[in-house]
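Participant: Sequence and predicted model, in that order:
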Amino acid sequence: MWEQAGGEHPITRAVAMIDAALDLAASADPMYLSAQAQRDALLNLTRAVDGVESLRMRVMGAVGAPGGVAETDGARSVAGWLDARARTGYAAGRAAEKLGEALASRWHLVAEGLESGAVNLPQARVIVKALDNLVVDPLPGEEVPAEVLTRAEAHLVAECAKFNSHQLETLGAKILQTVAPDTCEEHERKLLERAERRANAATRLTIRRRGDGASNLSGVVPDHVAARLKTYLEAWTSPKQDDGKEAGAATSLGSFKHLDPATGERLPQERLMGLAFCAFLEAADPARIPAHGGAATKVLVTLDYEKLRDQLGTGWILSNGEDLTEVTAHTVRRMACQAEIIPVVLDSDGVPLAMGRKSRFFKTWQRDAHMLTHQTCQTVGCSIPALWCEAHHGGENPWVGGGNTDLDELVLLCPFHHHKAHDPGYTTHKHANGDVRFHRRT
């Protein structure tokens, strides 16, 4: 309309003015601003960025509207149109597009606050998320009344003057308790049930081999499951377990100090969590896992028996009836302490000739009896509680060498030292009193 009338559209003029202002400041050094000018500039620029983003989302709405530029140019979405021309990435563009749609169609008070500067962009995102959780895909009888939604939006916008986005997120999760205390309990019950249904429907887990000895895990699980797993893993990785003892171990491959055994440097948290996840799976009680083909965990080892006993060479593990994984002999020996293992004797052509006996696990009463005299990991200097340790066949004649699962064969080792016991780079010496020491081979 503005262009048809021969005038320039205000948004066009605003964009030109923004470009000119940026050109003006491009070569200026902010170090020469006074202290107060730095304060003012940073605060005003932050508000300006939010205002520009609000304007950009409004323009994105016009571009994506029926008959808009995206449709005219044959693009499937505004995000796709923008990525093709500005290389901003589809995900970022789509997030802005969805937020703009929500502000334009549902949450007008939030949009007005963003334009006026009363609401910043992070605050707008969490408010829209909290409000959308009240209205998206409700079942019959679960709808939140319109007047309650109006009060909720107004309250959250007003609280932007006092709270940051993280605090608003917490407030938004319980907004019904504030704006509708008489009915919030029933509404929240329905919302929680809906959230659980959606979380269960969204639950996914994929495992893909990378081809380099590792696999990628990607998944979506309900919040309570993720919180439970995080709690379990942090039991291994908590820095509180650092008591200054180099010999102690909190994860299967990390020490109390959380140091990389190869470099001596502190491990990043994400790697610690990964190692803890591996230790967690190995510590799982096979007796409580559903039977799979007649056994909780069945390992078929295609490896020469003498090589297995002497920890030489490599073997193949058949994990689920079809997937073969190549591992070292010392890994096979360590797994034998935790899972059922069946040595498969092969002829010169690799054809199975006979299958040996299954391993027998140490019984609960054996562990209980052993813990009366060994309350911690039996490695000298390690203070990991015995309840957290794994049962290792540590006698002169281990199970994989033909030994039995007798009480005098039982050695309680934390995951870290259990790995050491099966590491061919170390020798293990068990004293008469049950203490265990490791020495690196030279």
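Facilitator: Received the coordinates, thanks.
Participant: Give the buried residues for stretch 39-54.
Facilitator: Of all the residues in stretch 39-54, those buried under the rule 16 or more other Cβ atoms under 10 Å are D50, G51, E53, S54. To be clear about C-beta, it is placed using only N, CA and C from the backbone, and glycine gets the same treatment.
Participant: And the pLDDT at the last one?
Facilitator: This points to S54. According to the prediction, S54 has pLDDT 91.
Participant: about what we covered before: so which pair among the buried residues of stretch 39-54 is furthest apart in space?
Facilitator: Distances among the buried residues of stretch 39-54 were taken as Cβ to Cβ; the most separated pair is G51 and E53, at 7.3 Å.
Participant: Next, format the buried residues of stretch 39-54 as a markdown table and append distance to R198.
Facilitator: Below are the buried residues of stretch 39-54 laid out as a markdown table (distance: Cβ to Cβ, whole Å):
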| residue | distance to R198 |
| --- | --- |
| D50 | 30 |
| G51 | 34 |
| E53 | 29 |
| S54 | 29 |
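Participant: Keep only those of those that are in helices.
Facilitator: Residues of those located in helices (DSSP state H): D50, G51, E53, S54.
Participant: need the contact list for the residue lying closest to the third one once chain neighbours are set aside.
Facilitator: Of all residues beyond its chain neighbours, the one nearest E53 is L121 (5.6 Å), with distances taken as Cβ to Cβ, 6 or more residues apart in numbering. The neighbours of L121, taking Cβ atoms under 8 Å, 6 or more residues apart in numbering as the test, are V49, D50, E53, S54, L114.
Participant: residue contacts, L156?
Facilitator: Taking Cβ under 8 Å, 6+ apart, we find L156 in contact with V110, I127, A130, L131, L168, L171, G172, I175.
Participant: Ignoring the adjacent residues along the chain, who's closest to the last one?
Facilitator: Same thing as I175. Nearest one to I175, counting by Cβ to Cβ, 6+ apart, is A152 at 4.8 Å.
Participant: Remind me which helix or strand that neighbour belongs to.
Facilitator: Counting by DSSP states H and E, the element that carries A152 is helix 146-159.
Participant: repeat for I207
Facilitator: I207 belongs to strand 204-209, assigned by DSSP H and E.
Participant: Adjacent strands (with direction) for the helix or strand following that strand?
Facilitator: For strand 204-209, the following helix or strand on the C-terminal side (DSSP H and E) is strand 215-220. Paired with strand 215-220 in the same sheet, following DSSP bridges, are strand 204-209 (antiparallel).
Participant: in the stretch 101-250 of the chain, which spans are helices?
Facilitator: Secondary structure of the stretch 101-250 of the chain (DSSP state H, counting those that start in this stretch): helices at 108-116, 121-135, 146-159, 165-173, 175-179, 184-202, 223-237.
Participant: Please point out which parts of the helix holding A152 sit buried.
Facilitator: Buried-residue list, helix 146-159, by 16+ other Cβ under 10 Å: V148, L149, R151, A152, E153, L156, V157, E159.
Participant: Can I get these in JSON lines including distance to Y426?
Facilitator: Listed next are these as JSON lines, based on distance: Cβ to Cβ, whole Å:
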{"residue": "V148", "distance to Y426": "65"}
{"residue": "L149", "distance to Y426": "65"}
{"residue": "R151", "distance to Y426": "67"}
{"residue": "A152", "distance to Y426": "62"}
{"residue": "E153", "distance to Y426": "64"}
{"residue": "L156", "distance to Y426": "59"}
{"residue": "V157", "distance to Y426": "63"}
{"residue": "E159", "distance to Y426": "59"}
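Participant: from these, which single one is nearest K230?
Facilitator: If you rank the buried residues of helix 146-159 by distance to K230 using Cβ to Cβ, L156 comes first, at 28.3 Å.
Participant: what about H439, how many neighbours?
Facilitator: 9 (other Cβ atoms under 10 Å).
Participant: Now do the same for the residue nearest to it when sequence neighbours are not counted: helix, strand or coil?
Facilitator: Spatial nearest neighbour of H439, excluding adjacent residues (Cβ to Cβ, 6+ apart): T427 at 5.0 Å. Secondary structure assignment for T427 (DSSP: H, G, I helix; E, B strand; the rest coil): strand.
Participant: low pLDDT regions in the stretch 151-300 of the chain?
Facilitator: The stretch 151-300 of the chain contains residues with pLDDT under 70 at 238-262, 285-300.
Participant: N164 touches T170, doesn't it?
Facilitator: No: counting by Cβ atoms under 8 Å, N164 does not reach T170; the two are 10.4 Å apart.
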